[in-house]
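1. structure for the following, please:
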Amino acid sequence: MNTNKILVVDDEVGIRELLLEILQDEGYQVLLAENASAAREIRSQGRPDLVLLDIWMPDTDGITLLKEWSSAGLLTMPVVMMSGHGSIDTAVEATKIGAFDFLEKPIALQKLLTTVVRALKKGAAINRPNLSLFNLGKSQVILDLKKRLTQIANFKTPLLLMGERGSGTELCARYLHEPNTPWITLENSTQLYENPNDLLQQAKDGLLYMSEIGDLNKQEQKGLQFLLAKLEKFNVRLICATTKSLPSLVELQSFDASLYKSLSVLTLAIPSLREHREDIPDLAIMLLSQLVESKEAPPREFTVAALNTLRNHTWAGNMDELSNVVKTLALTSLSDEISQDEVSRVLVQFKSSLDSTAQAPQFSMDIPLREARDIFERAYFDHHIKLSSGNMSRVAEKVGLERTHLYRKLKQLGINVAKRGVSEE
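-> Next up, the predicted model:
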């Protein structure tokens, strides 16, 4: 008998019995759930190799259940959605959340069996699900980010994503990627001037993603400018990301001003993990669950105090750092229960300058007011530049100044932004 275990979730008893008969005849082990509640119970007892999930159910619809599993890190198996009222929008949404495929009822026998074989083959390669916007958090900050991305999803305008290292710029780009169209990532920046047309041809009718355009040299920037002019011809959407302050690089004449003008027509700032701390406990639990379920780590769980300690960390490396910390804890903790002391032990290894509380500037009370004010303002702006990892747009927003006014103020105070982390990752 086939060892593959398939969970069928459908509120129609006739559909469940039909699929049970077909799949058992093919040698598969079949589990049945008449609603989302029963499916949750079966999923809590172990990972099936494949789920056939109906969209329209009376208690909780399939899309909502799919989102739940994704957010909880339980989408470690391929899921094929089923619906008798299918639409392109629903299929696209399900695919973005993490569904493998979409079957329309009545389901043709050969289509069903072919899809099951493909899904099981895909599932065999899954260790744990990739992060996506659907499991990046439930805070208002993340919900607002999803709304903004949804608003611009149908635009072909090049998009510039600005965020700290590890904050999830690629997750945002993938959220905007249309299923079944090319996804091309720039692996070697020399391609921009050596063969830009090849890049465009590969990404034709799809999406081209560039991860750190702040590092491009002058020749590569010219290649990108050439590529921008050809996007419409090849029907390519370009999404660029940067951890650097491009306006500052323009001022330093290391980034072309006209290229920046072309790229910044549509921009979006990606929040750091510090800006949605309330999501950190759930994210840590999800990451740990993924490691345990994929058998990369023994069974573990966090204490409440441990989760609070994780929540209060500054996470200069954002999701990348959180993933590494959780994996280190999962593999090196001496107990099945990960304590606050264990978390503190590991966080020391990841400590950054952002972890220390900003010290109040020290100066004598006998100096003139103007001099004291300048000392305070230097410390104040230095703190916000470090906190924003050099993203001057975010600094301007935090301190309540127009960007032009901010640069003028920094110049008056003798603050060289290039030396204060603006160009640091």
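
2. going by neighbour count, list what's buried in stretch 315-332.
-> Residues 315-330 are the ones in stretch 315-332 that count as buried (16 or more other CB atoms under 10 Å). C-beta here means a position set from N, CA and C on the backbone, and glycine is covered the same way.

3. out of the residues you listed, what pair is the most spread apart?
-> 316 and 330 (21.2 Å; CB to CB).

4. and residue 65, how close does it get to residue 159?
-> 31 Å (CB to CB, to the nearest Å).

5. same check, this time on residue 253
-> Residue 253 is 25 Å from residue 159, by CB to CB.

6. the two: who's more crowded?
-> residue 159 (24 against 9; other CB atoms under 10 Å).

7. is it true that that one touches residue 177?
-> No - between residue 159 and residue 177 there is no contact under CB atoms under 8 Å: 11.7 Å.

8. can you map out the strands along the stretch 51-200 of the chain?
-> With DSSP state E, counting those that start in this stretch as the criterion, the stretch 51-200 of the chain has strands at 79-83, 101-104, 159-162, 183-185.

9. what is the shortest one packed up against?
-> Packed against strand 183-185, as judged by 3 or more CB pairs under 8 Å, 6 or more residues apart in numbering; DSSP states H and E, are the following elements: strand 207-210.

10. so where do the helices sit in the stretch 51-200 of the chain?
-> Secondary structure of the stretch 51-200 of the chain (DSSP state H, counting those that start in this stretch): helices at 62-71, 88-97, 109-124, 140-151, 169-175, 191-194, 196-202.

11. next, format the ones you listed as CSV and append distance to residue 257 and mean pLDDT.
-> Putting the helices of the stretch 51-200 of the chain into CSV (distance: least, CB to CB, whole Å; pLDDT from 0 to 100) gives the following:
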stretch, distance to residue 257, mean pLDDT
helix 62-71, 41, 89
helix 88-97, 36, 80
helix 109-124, 46, 90
helix 140-151, 26, 93
helix 169-175, 23, 91
helix 191-194, 18, 93
helix 196-202, 21, 94
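
12. as JSON lines, those helices with distance to residue 217 and mean neighbour count would be great.
-> Putting these into JSON lines (distance: least, CB to CB, whole Å; neighbours: other CB atoms under 10 Å) gives the following:
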{"stretch": "helix 62-71", "distance to residue 217": "39", "mean neighbour count": "20"}
{"stretch": "helix 88-97", "distance to residue 217": "35", "mean neighbour count": "17"}
{"stretch": "helix 109-124", "distance to residue 217": "39", "mean neighbour count": "15"}
{"stretch": "helix 140-151", "distance to residue 217": "30", "mean neighbour count": "14"}
{"stretch": "helix 169-175", "distance to residue 217": "21", "mean neighbour count": "21"}
{"stretch": "helix 191-194", "distance to residue 217": "9", "mean neighbour count": "18"}
{"stretch": "helix 196-202", "distance to residue 217": "15", "mean neighbour count": "16"}
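
13. would you turn the ones you listed into a markdown table with distance to residue 294?
-> What follows is the helices of the stretch 51-200 of the chain, written out as a markdown table (distance: least, CB to CB, whole Å):
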| stretch | distance to residue 294 |
| --- | --- |
| helix 62-71 | 15 |
| helix 88-97 | 20 |
| helix 109-124 | 12 |
| helix 140-151 | 24 |
| helix 169-175 | 20 |
| helix 191-194 | 34 |
| helix 196-202 | 32 |
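
14. so what's the residue nearest to the spatial centre of the chain closest to, chain neighbours aside?
-> What sits nearest the mean C-alpha location of the chain, by CA atoms, centre = their mean, is residue 171, with 3.4 Å. Nearest residue to residue 171, sequence neighbours excluded (CB to CB, 6 or more residues apart in numbering): residue 133, at 5.5 Å.

15. so which residues of the stretch 201-350 of the chain form strands?
-> Going by DSSP E, counting those that start in this stretch, the stretch 201-350 of the chain shows strands at 207-210, 237-242, 267-269, 301-302, 337-338.

16. contacts for the longest one, please.
-> Judged by CB atoms under 8 Å, 6 or more residues apart in numbering, the contacts made with strand 237-242 from elsewhere in the structure are 156, 158-163, 169-170, 172-173, 176, 206-214, 227-228, 231, 263.

17. note down every partner strand of it and its orientation.
-> Using DSSP bridges, the strands paired with strand 237-242 in its sheet are strand 159-162 (parallel), strand 207-210 (parallel).

18. turn those into JSON lines, including distance to residue 381.
-> Converted to JSON lines, those look like this (distance: least, CB to CB, whole Å):
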{"stretch": "strand 159-162", "distance to residue 381": "19"}
{"stretch": "strand 207-210", "distance to residue 381": "30"}
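
19. looking at those, which is closest to residue 60?
-> Closest of these to residue 60 is strand 207-210, at 31.9 Å (criterion: CB to CB).

20. need the contact partners of the closest one.
-> If you take CB under 8 Å, 6+ apart as the criterion, strand 207-210 is touched by 170, 173, 176-178, 181-186, 199-200, 224, 236-241.

21. filter those residues down to the buried ones.
-> 170, 173, 176-178, 184, 186, 199-200, 224, 236-241.

22. and the residue nearest to residue 64 when sequence neighbours are not counted, how far from residue 83?
-> Spatial nearest neighbour of residue 64, excluding adjacent residues (CB to CB, 6+ apart): residue 36 at 7.4 Å. Noted for residue 36: a distance of 15 Å to residue 83, by CB to CB.

23. can you check residue 115 too?
-> Distance, residue 115 to residue 83, by CB to CB: 14 Å.

24. can you list residues touching both of those two?
-> Taking CB under 8 Å, 6+ apart as the contact rule, residue 115 and residue 83 both touch residue 103.

25. which of the buried ones among the contacts of strand 207-210 sit farthest apart?
-> Checking the buried ones among the contacts of strand 207-210 with CB to CB, the most distant pair is 178 and 224, at 22.6 Å.

26. give the contact list for the closest residue to residue 93 other than its chain neighbours.
-> Distances taken as CB to CB, 6+ apart put residue 63 closest to residue 93, at 6.4 Å, once the chain neighbours are dropped. Shown in contact with residue 63 (CB under 8 Å, 6+ apart): 55, 81, 90, 93-94, 97.
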